[in-house]
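Student: Predicted structure and sequence below. I'll ask about it afterward.
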Amino acid sequence: MKAALAMLTFALGFSLTPVDAQILERLENAISGPPSQADIAAARQEVQAASQQALSALYAIAPNARRSIENAAGYAAFSTFGMKLMIAGGTSGKGLAVNKRTNSQTYMKMLEVQGGLGFGVNKNQLIFVFTTEPALSNFINQGWEFGSQGNLSAMVGGQGEMFSGAAAISPGVYLYQITETGLSATLTVSGTRFFVDPDLN
């Protein structure tokens with residue numbers, strides 16, 4: 001139910017600002033009840049485990065990425081699940097943003113609504129790398145949105161091959177996408193929003 005409400009909010013075109021997220025959380029809680037502390041703890045563990053799995057998958061495919069993340073101000077790792085049936089489809093996911101200098105962790109969500117005809121199920125892992133603290137702070141505090149032109153070509157190399165296979169999406173921000181076939185040369189993140197998870201923080 002919560003995922004359906006979030007997807008509906010996205011489909012209607014609302015920007016999920018912190019205030020909007022709080023309103024959505026109240027609506028979800030009114031329908032299904034607020035999550036218990038045990039539910040929150042279990043969900044946090046799942047997100048942490050999925051984040052580590054995404055990093056491990058990235059390091060196995062692109063070993064140089066380990067050094068880029070070790071030297072970065074922070075990173076955010078997401079696991080996503082998407083399904084498309086006829087003209088309706090969407091992807092949702094959860095992730096963890098980590099400030100490596102303060103060791104603070106922020107739980108995040110992502111949503112994407114897809115149009116056009118098609119069938120299929122997909123699972124992806126997205127890893128953002130932030131080379132500066134302001135870039136990480138903006139991602140957490142303001143959220144992130146890719147518009148309709150969100151298809152990006154991954155770089156062949158950069159900064160001494162540290163970011164090989166990643167796309168530079170803004171100053172100080174790089175993004176890796178891992179699909180079921182490996183590290184993707186083209187990032188398909190159009191119409192995707194990333195924002196703080198009000199339930200887990």
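Tutor: Everything's here; your move. For clarity, every value in this text was computed on a predicted model and none was experimentally measured.
Student: Which strands and helices lie in contact with the helix or strand where A54 lies?
Tutor: If you go by DSSP states H and E, A54 is part of helix 37-61. With contacts defined as 3 or more CB pairs under 8 Å, 6 or more residues apart in numbering; DSSP states H and E, helix 37-61 has these neighbours: helix 64-70, strand 74-85, strand 88-99, strand 105-114, strand 119-130, strand 173-179, strand 182-183. Using the backbone N, CA and C atoms, a C-beta is placed for each residue, glycine as well.
Student: Just the buried residues of it, please?
Tutor: Buried residues in helix 37-61, counting neighbours by 16 or more other CB atoms under 10 Å, are found at 43-44, 47, 50-51, 54-55, 57-58.
Student: And those, which is closest to Y75?
Tutor: Comparing the buried residues of helix 37-61 against Y75 with CB to CB places L55 closest, at 7.9 Å.
Student: Residue ranges in the protein under the pLDDT threshold?
Tutor: Residues of the chain meeting the criterion pLDDT under 70: 1-33, 81-91, 113-122, 147-162, 185-190.
Student: Between the helices and strands packed on helix 37-61, which one is closest to V196.
Tutor: Using CB to CB, these put strand 105-114 closest to V196, at 6.0 Å.
Student: name the helices or strands packed onto the closest one?
Tutor: Contact analysis of strand 105-114 by 3+ CB pairs under 8 Å, 6+ apart lists helix 2-11, helix 37-61, strand 74-85, strand 88-99, strand 192-196 as its packing neighbours.
Student: redo that, cut-off 10 Å
Tutor: helix 2-11, helix 37-61, strand 74-85, strand 88-99, strand 119-130, helix 133-142, strand 144-146, strand 192-196 (3 or more CB pairs under 10 Å, 6 or more residues apart in numbering; DSSP states H and E).
Student: Can you list the strands that the shortest one pairs with?
Tutor: Which is strand 144-146. In the sheet, strand 144-146 lines up against strand 192-196 (antiparallel) (DSSP bridges).
Student: Now do the contacts for A54.
Tutor: When contacts are counted by CB atoms under 10 Å, 6 or more residues apart in numbering, A54 touches 75-80, 95-96, 124-127, 176, 178.
Student: rerun that using 7 Å as the cut-off
Tutor: Residues in contact with A54, defined by CB atoms under 7 Å, 6 or more residues apart in numbering, are 77, 79, 125, 127, 178.
Student: ok, those vs F146, which is closest?
Tutor: Of all these, I127 has the smallest distance to F146: 15.2 Å, by CB to CB.
Student: Tell me, how many residues neighbour the closest one?
Tutor: Residues near I127, counting by other CB atoms under 10 Å, number 25.
Student: close enough to count as contact, it and A57?
Tutor: No: counting by CB atoms under 7 Å, I127 does not reach A57; the two are 8.8 Å apart.
Student: which non-adjacent residue is nearest I61?
Tutor: Nearest residue to I61 in three dimensions, chain neighbours excluded: L183, at 4.7 Å (CB to CB, 6 or more residues apart in numbering).
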